[in-house]
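**Q** generate a structure from the sequence data that follows.
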Amino acid sequence: MQYSTRHLCQLFGVSEATIRNWAIEFQRDLSALAKPSDGRHRIFTEDDLAVFALVNTMKKDGHIYEEIHAALGAGQRGIPPELPPREIEALLSSENTKQMVLQVQNLRDSIAKLEKQREELAAQVRPLEDENVRLRALREADERRVAEMAAQLKAAQEEIKQLNREIGRLESQMEGKD
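**A** Down below sits the predicted model:
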């Protein structure tokens, strides 16, 4: 069976950073899959688990890395915890569920904050919308008055033309009497 960094975290009760650090520190004792090139995930074998089991035990007992390197160099290996793969998957699944619950809660908190901001903005927008309606009504009233005045001006201009013709006709008649 092959194991991921998260599997080892569950097996040994340590963080992903600890597993990464151990994988780097003890890479000469690990399989090639445990030290992949950049951008690839580490994959651990049963033999790698035995290395990590020894590292984990010796670290808990207070040994320093030099002592652990010496033990590994002498061929010593630890006994990995006996946890069937299905149980590991169940642990990871449980951890994933916890993470998803936290993510859902964070999303709910974010939604609540956004809704509050939306309500605050809506409260600021309402008076502006009311003012916009009032100004639109004033503009429409002004446009009607302008249209009425334009019609009155046109009528007045027609009347002036009519009067000018009448004046011209009267002047012509007056000249004819002279």
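**Q** in stretch 160-171, what's buried?
**A** When neighbours are counted by 16 or more other CB atoms under 10 Å, no buried residue of stretch 160-171 is found. For every residue, glycine as well, the C-beta is placed using N, CA and C.
**Q** can you list contacts of that stretch?
**A** Counting by CB atoms under 8 Å, 6 or more residues apart in numbering, stretch 160-171 has no neighbours from elsewhere in the structure.
**Q** tell me how far it is from the chain's mean position?
**A** The chain centroid and the centroid of stretch 160-171 are separated by 79 Å under CA atoms, centre = their mean, to the nearest Å.
**Q** can you check stretch 124-144 too?
**A** The answer for stretch 124-144 is 37 Å, by CA atoms, centre = their mean.
**Q** likewise for stretch 154-164?
**A** The answer for stretch 154-164 is 70 Å, by CA atoms, centre = their mean.
**Q** for stretch 16-26, same thing?
**A** With CA atoms, centre = their mean, you get 31 Å for stretch 16-26.
**Q** just stretch 25-35 next, same as before
**A** On CA atoms, centre = their mean, the centre of stretch 25-35 falls 37 Å from that of its chain.
**Q** any idea of the mean pLDDT in that stretch?
**A** Averaged across stretch 25-35, pLDDT comes to 91.
**Q** can you give me the buried ones in that stretch?
**A** Phe26, Asp29, Leu30, Ser31, Ala34.
**Q** repeat that for stretch 139-146.
**A** Buried, per 16+ other CB under 10 Å, within stretch 139-146: nothing.
**Q** for the protein, give me the ranges with low pLDDT.
**A** Scanning the chain for pLDDT under 70 picks out 83-98, 101, 178.
**Q** circling back: take the buried residues of stretch 25-35 and keep only those in strands.
**A** Among those, no member falls in strands (DSSP state E).
**Q** identify the farthest-apart pair in those residues.
**A** Phe26 and Ser31 (11.4 Å; CB to CB).
**Q** and stretch 12-29, how far apart are its ends?
**A** Distance across stretch 12-29, first residue to last, is 18 Å (CA to CA, to the nearest Å).
**Q** tell me how far it lies from the chain's centre.
**A** Centroid separation for stretch 12-29 versus its chain: 32 Å, with CA atoms, centre = their mean.
**Q** how about the helices in this structure?
**A** 5-12, 16-25, 46-60, 65-73, 85-177 (DSSP state H).
**Q** including distance to Gly39, could those go into CSV?
**A** Below are the helices of the chain laid out as CSV (distance: least, CB to CB, whole Å):
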stretch, distance to Gly39
helix 5-12, 15
helix 16-25, 14
helix 46-60, 20
helix 65-73, 27
helix 85-177, 22
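**Q** Ile79: which of the ones you listed is closest?
**A** That would be helix 46-60 among the helices of the chain, by CB to CB, at 5.6 Å.
**Q** give the buried residues for the closest one.
**A** Residues of helix 46-60 classed as buried: Asp48, Leu49, Ala50, Val51, Phe52, Ala53, Leu54, Val55, Asn56, Met58, Lys59 (neighbour count, 16+ other CB under 10 Å).
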